[in-house]
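Novice: predicted structure and sequence below. I'll ask about it afterward.
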Amino acid sequence: VRVTDQGPGIPPELRQKAFERFFQGSRGDTREFEGLGVGLTLAKTLLEKLGGSLQLLDVPRGSAVEMRLPVATPGVF
C-alpha cells in the first residue's frame, strides 16, 4: 500500500530520523503543522511485528510512504 500527500515532504537527509519517536521536522512556536511525532514510529513498529516493512519513498513533491505486509497463509493465524 502506498500513501502520498502534497505537503512539505521530508528532506532525504531526515528520512531515517523521521522514524524516531517524537521526531518532528519543524520545531518551536512557528510550527506550521501539528502532531506528536509518533505516527511513523508506531506504523513502522507494528508493520515490522507483523513481518512487514514501511519506508519513505523519493517523490518530487510531498511525501510517499510504502507499507508492505506478507501474504497470509490460509489457516495460519
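Specialist: Received, thanks.
Novice: show me the shaky parts of this structure.
Specialist: 25-36, 76-77 (pLDDT under 70).
Novice: now with 90, please.
Specialist: Applying pLDDT under 90 to the chain flags the ranges 6-39, 71-77.
Novice: in it, which spans are strands?
Specialist: 2-4, 53-57, 64-68 (DSSP state E).
Novice: figure out which of these is closest to V38.
Specialist: strand 53-57 (13.6 Å; C-beta to C-beta). Glycine gets a C-beta too; all of them are placed from N, C-alpha and C.
Novice: between the strands of the chain, which gets nearest to K17?
Specialist: With C-beta to C-beta as the measure, strand 53-57 is the member of the strands of the chain nearest K17 (10.7 Å).
Novice: who does that closest one pair up with?
Specialist: strand 64-68 (antiparallel) (DSSP bridges).
Novice: still on that earlier bit, turn the strands of the chain into a markdown table, columns for distance to L14 and mean neighbour count.
Specialist: Output for the strands of the chain, formatted as a markdown table (distance: least, C-beta to C-beta, whole Å; neighbours: other C-beta atoms under 10 Å):
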| stretch | distance to L14 | mean neighbour count |
| --- | --- | --- |
| strand 2-4 | 18 | 11 |
| strand 53-57 | 9 | 15 |
| strand 64-68 | 14 | 15 |
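Novice: can you say which of these is nearest to E20?
Specialist: The nearest among the strands of the chain, by C-beta to C-beta, is strand 53-57 at 12.8 Å.
Novice: residues contacting that closest one, please?
Specialist: Strand 53-57 is contacted from outside by 2, 10, 15, 18-19, 40, 43-44, 47-48, 63-68, using C-beta atoms under 8 Å, 6 or more residues apart in numbering.
Novice: swap in 7 Å and give it another go.
Specialist: 10, 15, 18, 43-44, 47, 63-68 (C-beta atoms under 7 Å, 6 or more residues apart in numbering).
Novice: next one: stretch 63-70
Specialist: Residues outside stretch 63-70 that contact it (C-beta under 7 Å, 6+ apart): 1-5, 7, 9-10, 47, 50-57.
Novice: could you redo the last one with a cut-off of 8 Å?
Specialist: 1-5, 7, 9-10, 40, 43, 47, 50-58.
Novice: JSON lines please, covering the contacts of strand 53-57 and showing distance to Q24.
Specialist: Formatted as JSON lines, those follow (distance: C-beta to C-beta, whole Å):
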{"residue": "I10", "distance to Q24": "11"}
{"residue": "R15", "distance to Q24": "14"}
{"residue": "A18", "distance to Q24": "9"}
{"residue": "A43", "distance to Q24": "16"}
{"residue": "K44", "distance to Q24": "16"}
{"residue": "L47", "distance to Q24": "21"}
{"residue": "S63", "distance to Q24": "14"}
{"residue": "A64", "distance to Q24": "19"}
{"residue": "V65", "distance to Q24": "16"}
{"residue": "E66", "distance to Q24": "22"}
{"residue": "M67", "distance to Q24": "21"}
{"residue": "R68", "distance to Q24": "25"}
